[in-house]
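> Here is a sequence together with a model predicted from it:
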Amino acid sequence: MNRIRNFFRTREMRKLLRDRLTIFAMIAIGAYLFTGIAIMCGAITAETCDQVVGPNKLNGFYREELPERRYDIATTKFLQAVQTALGQEDPQAALEQVQLGRVRVADKSPEELQTIVDQIIGLRDELNQSENLDEDPAMMPKLAEMEAKVEQLKKPLTGMNGFLHNASLWLGTDAQGRSIFFRGLYSIKIALQIGLVTATFSVLLGAFLGAAAGYLGGWVDSVIVWIYTTFSSIPNLVLLVVIAYAFTDFDLQKRVPAFMSSWVEGIDIKNSLLPVYIAFGATFWIGTCRVIRGETMKLKEMEYIHAARTAGFSSFHILLRHIIPNTAHLMLINFSLLLIGAIKSEVILSFLGLGVKGQPSWGIMIRDAGNNGDVVTGFFWEIGTATVLMFGLVLAFNILSDALQDAFDPKHV
Amino acid sequence: MWAFTIRKLIYNIPVYLATVMIMMMLLRVQDPVAGKLSKNPTQEEYDATKKELGLDKPFLQQYGLVLYEVATWRFHRNMWTEPGVTVGDKLRTAVPRSLALTIPALMLTTVISIVIAMISAFNRGRWLDRTLVFFAVLGMSISFLVYIIFGQYFGAFLLPRWLGTDVFAIYGYESPLKDWRNWPYFMLLPVLISVIVSMGYDTRFYRAVMVDETQREYITTARAKGASQTKIMFVHMLRNAMIPIVTRVMITLPFMVTGSILLEKFFGIPGMGYVLLNAIDNSDFPVIEGFTAIFAGLFILSIIATDILYAVFDPRVRLQ
């Protein structure tokens, strides 16, 4: 406990906490982390994100739609589902199956519902006579009446259910009627997960190899430098894409010896995040390794290391207890930088269809928005949500990395 | 200097061999033959395709073939996706297109970033500096994808509507050799987007370099003897800041041939990035292998050249 308190009292930490912008960035990161943890605990699942919750391409913030769109929204999806259910042999059972997100059919007998549907169809036929509803104010009361009738078919949502239903429509829906808000939030978890896992792995690996290369020198140094020069001779994005590609149709069952196949049953590598971790892990450690190697070569000549060596400690002990802890500030800075890199690269890989699969991600949201021509038609909700959420996270980490750099490594160029 | 160059070259041979080998092994994690055949191929069909693609030979022989192609500088293997076109021909057409995009972008970015960095460094700590740095951080925090999508939307979709004429192409490519006006029409917008994207990173880097430089004693001396601000900035400081600038530019040079996968995909420029992405999508091994072999060579050469340029710019640096 005391150690932690002392850590916060160090000159570097005080310098770090003095800047108001940094505090804001930390609060923002905390909020993102909290959301990520909540989602990891099951607040939003990948299935929820795939659920159709409303009409396609609904505007966010419940913004008023144009009359033509209101007509489309009222007459599709839910109304059609109710109509189909009423046509079944057992309408009562079929009606219970009807659902649109959290919305269910109202507790009315099939006959009552049938009358409402008939009224709606009557109104719809009248509305159909208008050439263009957008320029036909006379039809507005009829449109409003039809919308009210459609609402009567729905069971009113109350309490938590109602809140969640409203929340799912907050930022509108995508081209398939899925909630943009929930998909955007879920992507926070994906981004943080990938960022934290790959940054932790890369920093630890890079620090260990870099310290070993710098301290031991000789052939260890040559081998490690050789490995990282080799990896950096392949263009980074090409290497990422090729590694991700190598796993696109990877079937673990067929790759392992026959007697092992029962052990790996049910492990689905190609839809997991493992290929992304491997692709990032293979490339991201290089920068950290280089920095830590340089720092270690400097530290190696310090008196306290000489003292430790004279006292008879093993190289391994000196590395682990004296060198690596003294490069901790560089590890922290690199961790923050790699996290940003991982999040940005994940979005690009997912956009190219090689990253996250079967789960929402900002990259996938941006790709969907592009494929559906959202931008050209002026529907910015999906791409905007992905952009803003990602921008916030990356900006916060950028500000934090800068502050870390200023506080712990002010001489860095 | 020659001894240094030759020693470095020899030292980097294993790096080069390993780079090509790693790439070839990574590609072979997945069986490309199955993807090229219909759903349920017979064993004969499978073997025939495998033989046709040259994958029936042992790995080392395939590896040797790639190295032989590099050594003779003749990439005469046929592409798998476009039969009859050799890898060499494809690279020869694709790489110049990428260069037409990336080299102007690099030059513009470097010049603009250095100027902004100098302004920022000379006003260090004042509001102008803080604003510039803040915008650089803001710019760095936006995804490349977003820049491209909105850049394309404003430049190639909204702008022509406002102006009434077509300024930039939204998609496609025609050679500027036929008509020089093709270059600004097809390339200027991607170049501008690319400049804006990399400006944040570059400005911050060059600013750090310049700030480091402004604290040196020779600046104080120059001030004391009455040199003007502009003279200090452009004559004294810029020359001394040249080493980090040259290093950074040299390191990015080999990446020019890769082109930009994303920009070329969005704007439909059939350059190297586009060819590579297509090759990876359709597992066209000869293209990927040939390109990696060339790129790795360029990368290693540029690292060696950087070391040599160090000595040229700073006589204190000794090559050893």
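Thanks, I have the structure now.
> residue in the stretch 151-300 of chain B nearest to chain A?
B:Ala296 (4.1 Å; Cβ to the nearest Cβ). C-beta here means a position set from N, CA and C on the backbone, and glycine is covered the same way.
> how close does that residue sit to A:Ser232?
10 Å (Cβ to Cβ, to the nearest Å).
> so what's A:Ile116 up against?
For A:Ile116, the contact set (Cβ atoms under 8 Å, 6 or more residues apart in numbering or on different chains) comprises A:Lys108, A:Lys149, A:Gln152, A:Leu153.
> distance between stretch A:207-218 and the chain's centre?
35 Å (Cα atoms, centre = their mean, to the nearest Å).
> Give the next helix or strand downstream of the helix or strand bottoming out on mean pLDDT in chain B.
Within chain B, no helix or strand scores below helix B:32-36, which has a mean of 74 by mean pLDDT, DSSP states H and E. As assigned by DSSP states H and E, the chain's next helix or strand after helix B:32-36 is helix B:43-53.
> re the thing from before, ok, B:Ala296 and A:Ser232, which is more surrounded?
Between B:Ala296 and A:Ser232, counting by other Cβ atoms under 10 Å in any protein chain shown, B:Ala296 is the more crowded of the two (27 against 21).
> Please verify my assumption that that one contacts A:Ser233.
Yes. With contacts counted by Cβ atoms under 8 Å, B:Ala296 reaches A:Ser233, the gap being 4.1 Å.
> shared neighbours, these two?
B:Val15, B:Tyr16, B:Thr19.
> so which of these comes closest to A:Phe408?
Nearest to A:Phe408 among the shared contacts of B:Ala296 and A:Ser233: B:Val15, at 32.6 Å, using Cβ to Cβ.
> Could you look up the SS state of that closest one?
Following DSSP: H, G, I helix; E, B strand; the rest coil, we place B:Val15 in the helix state.
> residues in contact with A:Phe78?
Counting by Cβ under 8 Å, 6+ apart, A:Phe78 has contacts A:Val98, A:Leu100, A:Val103, A:Val150, A:Leu153, A:Lys154.
> and the third one, how many neighbours?
Other residues within reach of A:Val103, judged by other Cβ under 10 Å, total 19.
> In contact with it, which residues?
A:Phe78, A:Lys154, A:Lys155, A:Leu157, A:His165.
> thinking again about what came up before, which other helices and strands contact whatever helix or strand the residue of the stretch 151-300 of chain B closest to chain A lives in?
B:Ala296 belongs to helix B:285-313 when assigned by DSSP H and E. Counting contacts by 3 or more Cβ pairs under 8 Å, 6 or more residues apart in numbering or on different chains; DSSP states H and E, helix B:285-313 is packed against helix A:218-232, helix A:236-246, helix B:2-27, helix B:59-72, helix B:87-122, helix B:242-252, helix B:255-258, helix B:272-281.
> Any idea which of the ones you listed gets closest to B:Thr221?
helix B:87-122 (16.7 Å).
> tell me the angle of that closest one relative to helix B:285-313?
40 degrees (axes from the mean of the first three to the mean of the last three Cα atoms, to 10 degrees).
> Which SSE is immediately downstream of helix B:87-122?
Taking DSSP H and E, what comes next after helix B:87-122 is helix B:127-140.
> Could you check that next one against chain A for contacts?
Yes. Using Cβ under 8 Å from any Cβ of the partner chain, helix B:127-140 reaches chain A at B:Val137, B:Leu138, B:Met140.
> re earlier: just say which of the helices and strands packed on helix B:285-313 is most tucked in.
Highest mean neighbour count among the helices and strands packed on helix B:285-313 (mean count of other Cβ atoms under 10 Å in any protein chain shown): helix B:272-281, with a mean of 23.
> Would you mind getting the angle between it and helix A:236-246?
20 degrees.
> Can you tell me, leaving aside adjacent residues, what's nearest to A:Pro360?
Excluding its sequence neighbours, the residue lying closest to A:Pro360 (Cβ to Cβ, 6 or more residues apart in numbering or on different chains) is A:Arg183, at 4.1 Å.
> show me what contacts that neighbour?
By Cβ under 8 Å, 6+ apart, the neighbours of A:Arg183 are A:Cys49, A:Asp174, A:Pro360, A:Met365, A:Thr385.
> which element is the last one on?
Mapping A:Thr385 onto the secondary structure by DSSP H and E places it in helix A:381-408.
> neighbours of A:Tyr277, just the number please.
17.
> An error on my part: the question was meant for A:Cys49.
With other Cβ under 10 Å as criterion, A:Cys49 counts 22.
> likewise B:Phe313?
14.
> Quick check, it in contact with B:Ile243.
Yes. The pair B:Phe313 / B:Ile243 is scored as a contact, 5.4 Å apart, by Cβ under 8 Å.
> Is it possible to get JSON lines of the contacts of A:Phe78 that adds secondary structure?
Shown next, in JSON lines, are the contacts of A:Phe78 (three-state DSSP):
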{"residue": "A:Val98", "secondary structure": "coil"}
{"residue": "A:Leu100", "secondary structure": "strand"}
{"residue": "A:Val103", "secondary structure": "strand"}
{"residue": "A:Val150", "secondary structure": "helix"}
{"residue": "A:Leu153", "secondary structure": "helix"}
{"residue": "A:Lys154", "secondary structure": "strand"}
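> got a winner among these for most neighbours?
Counting by other Cβ under 10 Å, top hit in these: A:Leu153 with 23 neighbours.
> helix/strand/coil for residue 170?
All of this is about chain A. Assigned state for A:Trp170: coil (three-state reduction, three-state DSSP).
> nope, chain B
coil.
> how about it, what does it touch?
Taking Cβ under 8 Å, 6+ apart as the test, what B:Ile170 contacts is B:Gln152, B:Ala156, B:Phe157, B:Phe267.
> Tell me the pLDDT of it.
For B:Ile170, the pLDDT comes out at 82.
> try A:Ser168
So, for A:Ser168, pLDDT stands at 86.
> what sits against the closest residue to it other than its chain neighbours?
Distances taken as Cβ to Cβ, 6+ apart place A:Ser179 nearest to A:Ser168, at 3.8 Å, with adjacent residues excluded. Listed by Cβ under 8 Å, 6+ apart, the contact set of A:Ser179 reads A:Thr48, A:Cys49, A:Gln51, A:Val53, A:Gly54, A:Gly101, A:Ser168, A:Leu169, A:Leu171, A:Thr173.
> With B:Phe205 instead?
A:Val413, B:Ser113, B:Ala117, B:Pro244, B:Arg248.
> Farthest-apart pair in the residues you listed, please.
Spatial extent of the contacts of B:Phe205 (Cβ to Cβ) is set by the pair A:Val413 and B:Ser113 at 14.7 Å.
> With respect to chain B, which of the contacts of A:Val103 is nearest?
Using Cβ to the nearest Cβ, those come closest to chain B at A:His165, 29.8 Å.
> where does that closest one land in three-state SS?
Assignment for A:His165 (three-state DSSP): helix.
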